[in-house]
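# sequence-free structure coming up:
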């Protein structure tokens, strides 16, 4: 559900699945999703993002 519409707020998500918002949020945190600035984003870096970070740090 979050992947199809990452901009839905936690309350909307909890209404769709019929549970309290805290119950909806906990599993998302466990699978690596974080609600940040109005959008659900991956908690960690992708492999490509990790490579870019390493590459950028080599030139500092």
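Received, thanks. All of these numbers come straight from a predicted model, not from anything done at the bench.
# would you list every one of the helices in the chain?
10-17, 21-30, 47-58 (DSSP state H).
# Would you indicate which residues of the lowest-mean-pLDDT helix or strand in the chain are buried?
When each helix and strand of the chain is scored by mean pLDDT, DSSP states H and E, helix 21-30 comes last, with a mean of 72. By 16 or more other Cβ atoms under 10 Å, the buried positions in helix 21-30 come out as 24-25, 28. Every C-beta, even on glycine, is put in place using the N, C-alpha and C of the backbone.
# Any chance of those in TSV with distance to residue 48 as columns?
Converted to TSV, the buried residues of helix 21-30 look like this (distance: Cβ to Cβ, whole Å):
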residue	distance to residue 48
24	29
25	27
28	22
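# Need the helices of the chain in JSON lines (columns: distance to residue 37).
Formatted as JSON lines, the helices of the chain follow (distance: least, Cβ to Cβ, whole Å):
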{"stretch": "helix 10-17", "distance to residue 37": "14"}
{"stretch": "helix 21-30", "distance to residue 37": "16"}
{"stretch": "helix 47-58", "distance to residue 37": "17"}
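# Noted, bye for now.
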